[in-house]
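S.K.: Any chance you could fold what I've pasted below:
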Amino acid sequence: MTQDEPQHSQPTETAPSISPLRITVTFVFTVALVLAEFALLVGVYKRDEPVQRQQVRQAALEQQVAGTISALSRSADADRAGAQADLVITQLVPQTKRSLDQLADAGLGQDDLAGTRQAINDLAAAPGDTERLAALSGQARALGSELADRHRRLDRQAQLIYAGLLVVVSIGWFIWFRRLVQRHRALQQAVTAQEALSASEQRLLALVQNGTDVVTVFDLDTRTSFVSPSARAVLGVSAAELTGTRLSALLQPEDVNRLVHLLVTLKPGADAAVKLWMRHADGRMLVVEGMLANLLHEHVVGGFVLTFRDVTERQALEERLTHQAFHDSLTGLANRQLFADRLSHALARRAGTAQPLVVLFVDLDDFKQINDRLGHGTGDRVLEAVGRRIRTATRAGDTAARLGGDEFAVLMEGASLRDAEDLADRLLRLVAEPIVLDGTRMPVTASIGLAEAVPGEISSEEALRNADVAMYSAKDRGPSTVAAYDSRLHAEALDRLELRADLQRAIFQNELVLHYQPTVELETGRITGFEALVRWQHPVRGLLSPASFVPMAEETGLVVQLNTWVLFQACRFAAVLQNDWRRPTMSVNISAQQLVRTDFVEQVNRALSESGLSADRLTLEITESVVLQDLEDVVPRLSQLRDRGIRVAIDDFGTGYSSLAYLTELPIDVLKVDKSFIDRVASDAQGASVTEAIISMSHTMNLSTVAEGVEVAEQAAWLRQVRCPIGQGYYWSRPVDENGVHDLLTRPTNELGGSADLVSYRAVAPFS
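M.R.: The predicted model follows:
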């Protein structure tokens, strides 16, 4: 088979032809049939000729007898008539006998002539007997009638024969013509099929010659005998160069083995899908796929046919899509699906063994604040950096994954819990290194939970859940900590989840209550205001402190709804308290998530307008870390509130990490010194000096100072000595409910202070 020869899968089918012998036989049969029909017609036509001759002879006989009778009737003389009659009859008898002989010669039977002969013989015996002459005349007429009847019968038979022959010939010609038409149609169909086959072969050849798929024919040794021209476009080599070469020279060794195995095992007429790596003329490897067919049994082909196309780009796209389906697009780490799959397979591979696995659950601390303050774009860059650091810290066989949001996980196979703790310590150190973005250092910490998974005893879901539970336990201990899972943590986690669900319900079902702790003027003991502190009246657990649910509210985002409720309720109650001559102020704590909202100022204004509280009676307490995290957005909002008359206080001052220089830029009115400083003023000279410096600085900046956490008389006395104007703490009162507030306001000033137990007024546990 050469390059230019058309390749067919089957031999060419020729149109049917008519042999000369068939033509000759048909012609001879047709001529013979026509001659037979003609002979039959002639025979039928000439069948009544004897009867016609007999009728002629009979007519002559009848004329002779009639002429004799006529001649006798014209004689006038009886005597002459008798004599003449004898003469005439004497002449008539021989003539009549000759006529009968002629009739016999014409084929008339002796039986038919017997009566006439007898009448002639009788007349010959008595020529003068007219009766015998009349009898002869009657016999002659009777013979004529018989011959006429016979002639009519022959005519009817001829007509029937003609009609039958016409029917038979018509049917015969119809059958022959039908067969002729069928033969013509079969011939026409055969010619049409031949033309269609030829066109199909031409079309197939054109497709092979011009198609984008490469078609090759080769033997068991992979030596090619035909290569389609599309080889140049796909492989960069012309078909002529590839023809006669071994196809295996273009394949990788492992693909050669697979191809040879297919050639040996593929049955005749069968085909199989193949995917191979094939070398391009420029040296790069292509991924090709197609169909391999065994056509060794086809004499036109006589080899294996491989039709293939280049799918390198599609293969790369599939690999990218597969990678995207199982990897995190932001960090490039495995995603939750791939991590769970590898964890399941790792447990299955180690089933029945004592080889443990360890799962690390990594969660960034307070990452939501980064997104809220700096935007999600910056948050994504932080996650990318953390992902790179986690990948750097893990071993070659470990699987690092981003599960979603700021949650990461690491699967350590063949590692002990001690190895996992070492990795967790490395991760904490790496993550804690400040991330520098656009010249800004971003401090990031993480909490890590560890969970050991024993194959056969725990599922992949349980292992990941246990690590998650341990991570929450680490968060409870503070930022940048590690905790390992034990069974008690699971119960605590379930309790936390139940409490989280209850909290969402509590906000909308009025289970939250406010308690109020007074702020007191140190010189006079007069109550100047109250701080609103939220409590949860749980239907099962009883009265819960903020420490039990506020951190959870911050994690779930419910803190905004929670604090908004506190703001509106506190303003409503503060408006009621304005009936007292002291017109006490109301302080409300504001969270970071609440402060960054664009509608925060509008909410505060609405709370004042709905309650009717004067703006100068409301104080918003914000921790310094919250303010300094997003100065550009927070300062304008606080300035708007101050312009309206609302006071702004820095709560827990001294516990933050910011520089004191920022205080000059903040729109604040009150500085609340943290309890940790007040605890040391009566027992620690150095602590007292630091606290005194803070109070002096506050005076210098014209800020009102409030000392938090005053519990004993010595602390109150020291604060009065350093001229701190206002104090707050158990020394005067624990937080009380609304009725307790009214009781406090009705008591004389001199009854406040002196003992933390002196004033209870429905006081609750010491939660500030």
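S.K.: how about the helices in the stretch 51-200 of the chain?
M.R.: Shown for the stretch 51-200 of the chain, the helices assigned by DSSP state H, counting those that start in this stretch span residues 78-105, 110-125, 130-210.
S.K.: Turn those helices into JSON lines, including mean neighbour count, distance to residue 743 and mean pLDDT.
M.R.: Where you see a C-beta, it was placed from the backbone N, CA and C, and this is true even at glycine. Output for these, formatted as JSON lines (neighbours: other Cβ atoms under 10 Å; distance: least, Cβ to Cβ, whole Å; pLDDT from 0 to 100):
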{"stretch": "helix 78-105", "mean neighbour count": "16", "distance to residue 743": "173", "mean pLDDT": "65"}
{"stretch": "helix 110-125", "mean neighbour count": "17", "distance to residue 743": "169", "mean pLDDT": "74"}
{"stretch": "helix 130-210", "mean neighbour count": "13", "distance to residue 743": "100", "mean pLDDT": "77"}
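S.K.: domain ranges for the protein?
M.R.: 26-178, 212-317, 327-485, 502-746 (automatic domain parsing).
S.K.: ok now the first one, how far from the chain's centre?
M.R.: Right, domain 26-178. Centroid separation for domain 26-178 versus its chain: 106 Å, with Cα atoms, centre = their mean, to the nearest Å.
S.K.: hang on, the earlier thing: quick one: which of the domains of the chain is nearest residue 190?
M.R.: With Cβ to Cβ, the closest approach to residue 190 among those belongs to domain 26-178: 18.4 Å.
S.K.: How many neighbouring residues does residue 645 have?
M.R.: Burial measure for residue 645: 12 neighbouring residues, criterion other Cβ atoms under 10 Å.
S.K.: so what's the backbone phi/psi at it?
M.R.: phi 110, psi 0 (degrees, to the nearest 10).
S.K.: pLDDT wise, what is it at?
M.R.: Looking at residue 645, its pLDDT is 93.
S.K.: Look up how far residue 436 lies from it.
M.R.: Using Cβ to Cβ, to the nearest Å, residue 645 is found at 42 Å from residue 436.
S.K.: Also residue 168?
M.R.: From residue 168 over to residue 436 (counting by Cβ to Cβ), the distance is 115 Å.
S.K.: So residue 736 sits against residue 514, correct?
M.R.: No: here residue 736 does not reach residue 514: they are 10.3 Å apart, not a contact under Cβ atoms under 8 Å.
S.K.: Of these two, which one has the most company?
M.R.: Neighbours per residue, other Cβ under 10 Å: of residue 736 and residue 514, the larger number sits with residue 736, 23 against 20.
S.K.: bridging residues for the more buried one?
M.R.: Per DSSP bridges, residues listed as beta-bridge partners of residue 736: residue 516.
S.K.: Just the strands from the stretch 251-400 of the chain, written as ranges.
M.R.: Counting by DSSP state E, counting those that start in this stretch, one finds strands in the stretch 251-400 of the chain at the ranges 271-279, 285-295, 303-310, 357-364, 399-404.
S.K.: out of the ones you listed, which comes closest to residue 560?
M.R.: Among these, strand 357-364 sits nearest to residue 560 (Cβ to Cβ), with 20.7 Å.
S.K.: got the CA positions of the closest one in CSV?
M.R.: Coordinates of each C-alpha in strand 357-364 appear next as CSV, following Å, rounded to 0.1, in the frame of the first residue of the first chain:
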residue,chain,number,x,y,z
LEU,A,357,-2.1,9.8,62.6
VAL,A,358,-2.2,13.3,64.0
VAL,A,359,-4.4,16.1,62.8
LEU,A,360,-3.5,19.7,63.5
PHE,A,361,-6.3,22.4,63.3
VAL,A,362,-4.9,25.9,62.9
ASP,A,363,-7.1,29.0,63.4
LEU,A,364,-5.9,32.6,63.2
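S.K.: quick one on the thing from earlier: could you export the domains of the chain as JSON lines, including distance to residue 190?
M.R.: Shown next, in JSON lines, are these (distance: least, Cβ to Cβ, whole Å):
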{"stretch": "domain 26-178", "distance to residue 190": "18"}
{"stretch": "domain 212-317", "distance to residue 190": "21"}
{"stretch": "domain 327-485", "distance to residue 190": "63"}
{"stretch": "domain 502-746", "distance to residue 190": "83"}
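S.K.: Out of these, which gets nearest to residue 19?
M.R.: domain 26-178 (10.5 Å).
S.K.: follow-up on the earlier one: got the helices of the stretch 51-200 of the chain as a markdown table, with distance to residue 593 columns?
M.R.: Listed next are those as a markdown table, based on distance: least, Cβ to Cβ, whole Å:
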| stretch | distance to residue 593 |
| --- | --- |
| helix 78-105 | 148 |
| helix 110-125 | 145 |
| helix 130-210 | 67 |
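S.K.: Could you report the neighbour count for residue 66?
M.R.: 13.
S.K.: how close does the closest residue to it other than its chain neighbours get to residue 150?
M.R.: Spatial nearest neighbour of residue 66, chain neighbours left out: residue 137 (6.8 Å); criterion: Cβ to Cβ, 6 or more residues apart in numbering. The gap separating residue 137 from residue 150 is 21 Å, by Cβ to Cβ.
S.K.: can you check residue 731 too?
M.R.: 167 Å.
S.K.: now do residue 442
M.R.: Distance from residue 442 to residue 150, by Cβ to Cβ: 140 Å.
S.K.: Ok, residue 114 next?
M.R.: From residue 114 to residue 150 the distance is 16 Å (Cβ to Cβ).
S.K.: What of residue 259?
M.R.: In terms of Cβ to Cβ, residue 259 sits 98 Å off from residue 150.
S.K.: Pull the contacting residues for the residue lying closest to residue 276 once chain neighbours are set aside.
M.R.: What sits nearest to residue 276 in space, not counting adjacent residues and going by Cβ to Cβ, 6+ apart, is residue 255, at 4.7 Å. Residues in contact with residue 255, defined by Cβ atoms under 8 Å, 6 or more residues apart in numbering, are 276, 277, 278.
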